[in-house]
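In: test case, fold it:
(one chain, ligands or ions: 1)
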Amino acid sequence: MCGIIAVTGSGASVEILTTGLRRLEYRGYDSAGIVLHTRDDGFLRFRAAGGTKSLVALESEAGAFHGEVIAGIGHTRWATHGGPTLFNAHPHFDCGENIAIVHNGIVENFRELKEELLAGGHVFSSETDTEVIAHLIEVQLPFSPSLVDAVASVAKRMRGAMSFVVVGASEPGVIVGFKRMAPMVVGTDGSSWFLASDIPAILDRAGTFFQIEDENLVVLTPKGARMLTLDMVDVPMESFGVDWTLESAERSGFDDFMSKEIFEQPAALRDTLAGRMTRDGLLLLDEQPSDLDLWARVDKVFIVACGTSFHAGMVAKYAIEHWTKIPVELDISSEFRYRDPVVDERTLVVAVSQSGETLDTLAALHEARNLGAQTLAVCNVVGSSMARLADAVLYTRAGPEVGVAATKTHTSQIGALMMLALQLARVKGQLYPQEVRDLYDQLLAVPAKVTEVLGLWDQMRDLAVRYGGCSRFYFIGRHVGYPVALEGALKLKEISYLPAEGYPAGELKHGAIAMLDADAVVFAIATRTRLYEKVMSNVEEVRARNSAVVVIGNPGDESVVSTGETFISVPRLHPLFAPMVDVIPLQMFAYHVARGLGNDADRPRNLAKTVTVE
Ligand code: F6R
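Out: This next block holds a predicted model:
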């Protein structure tokens, strides 16, 4: 997830670009950069890398330019391909520095395209997937009537969800954008035309906005905008206005970041999964271990994590053991380091962490390395401490998560860990390459199912109104439904401050059932995973204690609920992938309960987004 802005027309200036980037910083801040198409000096590029300080540095450097700007493009980066360094900062150029590009999303086939370009003598100055687009346009431009024709030919070769914006030295004032399943909007104030990843970037400049449909190009000049298909057929553009304040616009009109991030889950998961597996079923890690053969000799996996990340790790245990037959141990990071974990060089220790900075998990990773284990970090922040420490890295590509309660990073972690499980099964010879590919293809279908589940938003709000006044909540599940139950309870506790517990459904009768009465609400995760019937038997035990029952189940099973109970229908998936959709109604329920109580869902009391103390 990155932020893009572009401007052409009388208002084009450094200030418009950097102000827009400031409002897009929520999309990433690993680096910031702009290219100005100037009247007297052609292209001028300014870039800075340094986390939240990037934009300040860019503003002071580029702010010193006082010449005439014809058009400009800008970018704030959330690193995916290539570290958060200056040379990976956008905009990127082609070899001749006649094409400049900013890009959001992932070019899934960039490796093969890059090889082709390298063979053709192109020289790359970054590790990004973005740069291949600039070089491909460079190749195409001499054979094309104009820049937009060249961009159209190149866009047809790209695989993956992305939006990008290009300027060419030969066409001053022309900006060409392309959109495919990544946000981009057009805006105008009549004398300037803008493109941006999100409305807030241009809200105080533009009064009229236009949506760009997926798979379309947009061409801006100082005089107006055109939308075109990739076959160069004009598409009508429909304008709309917005009545958001700047503050609400930063959250794209959502009331807070948590709700926005819940709705970003399909995109976060898609970016995490896309283009990660070769045709013969090998996982493309972000940082490979020095010797991948070592993974073939792994005889134990140890997963260490805290909180929500720990719940993602629990799901991974089921998958890794099922597909690889390797035993998996799971530990809360703060416990791992203070016992005597049995770990050696044939153990793969996987640290799962959104931030990559959680002190306990970092310390566990250190401990694992001291014990001679092989290590892998699964985290969301490129260049974080864990990513730097581990032998190998697999990034979730969920974009920055602002809400303290983790949502989109959790489902992305599960997606990433599923790929890890498949990779281990592949290198251990437990699955054939084709079996891995088939499962990966099923995994790629999950984001669309997540989109379906988001349609439950209003139903979960109604449920929160109905049960928000209850005194106690229990979440029960078995097999992979158990970590979903734990996560449902944690989300509710974190932001509503109501007592909530997650239980393995079969364990209820060994104690917790004593707590059940008519004032308790029990959520049963009863999708068609391995132990569906058994979970439903446990629901009978709950009914006998007069507690309210909410069943999360699959279509066709609606009749399992009795009068007065609630059935929440979520799409049926491969049993091991089900947690990625089953958990989402529970996130929404927690959110609505918290809102109903007047709590700040983004900043729950007593909690911090990143816990860097022991
Ligand atoms: C819960 C939550 C926390 C984190 C935990 C680990 O919503 O966000 O439980 O999961 O503090 O943080 P990371 O994943 O950054 O290591």
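
In: by proximity to the ligand, which residue of the stretch 151-300 of the chain wins?
Out: Taking CB to the nearest ligand atom as the measure, the point where the stretch 151-300 of the chain comes nearest the ligand is Met258, at 9.6 Å. Heads up, the C-betas are built off the backbone N, CA and C, glycines and all.

In: dump the helix or strand hosting that residue to PDB, restricted to CA.
Out: Using DSSP states H and E, Met258 sits within helix 257-263. Extracted C-alpha coordinates of helix 257-263, given in PDB (Å, rounded to 0.1, in the frame of the first residue of the first chain):
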ATOM      1  CA  PHE A 257      -9.300   3.600  11.200                       C
ATOM      2  CA  MET A 258     -10.500   0.300  12.700                       C
ATOM      3  CA  SER A 259     -13.600   0.200  10.500                       C
ATOM      4  CA  LYS A 260     -11.600   1.300   7.500                       C
ATOM      5  CA  GLU A 261      -9.000  -1.400   8.100                       C
ATOM      6  CA  ILE A 262     -11.700  -4.000   8.500                       C
ATOM      7  CA  PHE A 263     -12.900  -3.100   5.000                       C
END
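
In: so what touches the next helix or strand after that helix?
Out: Where DSSP H and E defines the elements, the next helix or strand beyond helix 257-263 is helix 265-273. With contact meaning CB atoms under 8 Å, 6 or more residues apart in numbering, helix 265-273 is reached by 1, 80, 105-106, 161, 181-182, 395-399, 407-409, 411-412, 415-416, 419, 440, 443-444, 446-448, 450-451, 454, 580, 584.

In: now, these that are in helices?
Out: Counting by DSSP state H, those place 408-409, 411-412, 415-416, 419, 440, 443-444, 446-448, 450-451, 454, 580, 584 in helices.

In: within range of the ligand, give me the residues from the protein.
Out: Along the chain, the residues adjacent to the ligand under the rule CB under 6 Å from any ligand atom are 306-309, 353-355, 358, 361, 405-406, 490, 494, 610-611.

In: the ligand: which of those residues is nearest?
Out: Using CB to the nearest ligand atom, those come closest to the ligand at Gly307, 1.9 Å.

In: quick one: residues contacting the closest one.
Out: Ala406, Leu490.

In: and His37, by the same measure?
Out: Phe43, Val69, Ile70, Ala71, Gly72, Val167, Ala169, Pro172, Gly173.

In: name the helices or strands packed onto the helix holding Met258?
Out: Helix 257-263 sits against helix 579-596, with contacts defined as 3 or more CB pairs under 8 Å, 6 or more residues apart in numbering; DSSP states H and E.

In: return the set of buried residues in the helix it packs on.
Out: 579-595 (16 or more other CB atoms under 10 Å).

In: please apply the same query to stretch 9-19.
Out: The neighbour-count check on stretch 9-19 (16+ other CB under 10 Å) flags Gly9, Gly11, Ala12, Ser13, Val14, Ile16, Leu17, Thr18, Thr19 as buried.

In: filter the ones in helices among the contacts of helix 265-273 down to the buried ones.
Out: The neighbour-count test (16+ other CB under 10 Å) marks 408-409, 411-412, 415-416, 419, 440, 443-444, 446-447, 450-451, 454, 580, 584 as buried among those.

In: skip the chain neighbours and tell me the closest residue to the residue in the stretch 1-150 of the chain that the ligand sits nearest to.
Out: The stretch 1-150 of the chain approaches the ligand most closely through Trp78 (15.7 Å), counting by CB to the nearest ligand atom. Nearest non-adjacent residue to Trp78, counting by CB to CB, 6 or more residues apart in numbering: Gly28, 2.6 Å away.

In: so that neighbour versus Thr358, what's the distance?
Out: Gly28 sits 20 Å away from Thr358, going by CB to CB, to the nearest Å.

In: for those two, indicate the residue with more neighbours.
Out: More neighbours surround Thr358 than the other of Gly28 and Thr358, with 29 against 23 (other CB atoms under 10 Å).

In: around the nearest residue to Gly120 once chain neighbours are set aside, count how many other residues there are.
Out: Distance criterion CB to CB, 6+ apart; nearest residue to Gly120, sequence neighbours excluded, is Val139 at 7.2 Å. When neighbours are counted by other CB under 10 Å, Val139 registers 17.

In: assign the closest residue to the residue of the stretch 151-300 of the chain closest to the ligand other than its chain neighbours to helix, strand or coil.
Out: The shortest distance from Met258 to any non-neighbouring residue, by CB to CB, 6+ apart, is to Gly403 (3.6 Å). Secondary structure, DSSP: H, G, I helix; E, B strand; the rest coil: Gly403 is coil.

In: show me where pLDDT drops low in the protein?
Out: Across the chain, the ranges flagged by pLDDT under 70 are 243-249, 609, 611-614.

In: tell me which residue is most central in it.
Out: Computing the C-alpha centroid of the chain and ranking residues by CA atoms, centre = their mean puts Ala398 first, at 1.6 Å.

In: is it correct that that residue is in contact with Ala406?
Out: No: at 9.4 Å, Ala398 and Ala406 do not qualify as touching, with contact defined as CB atoms under 8 Å.
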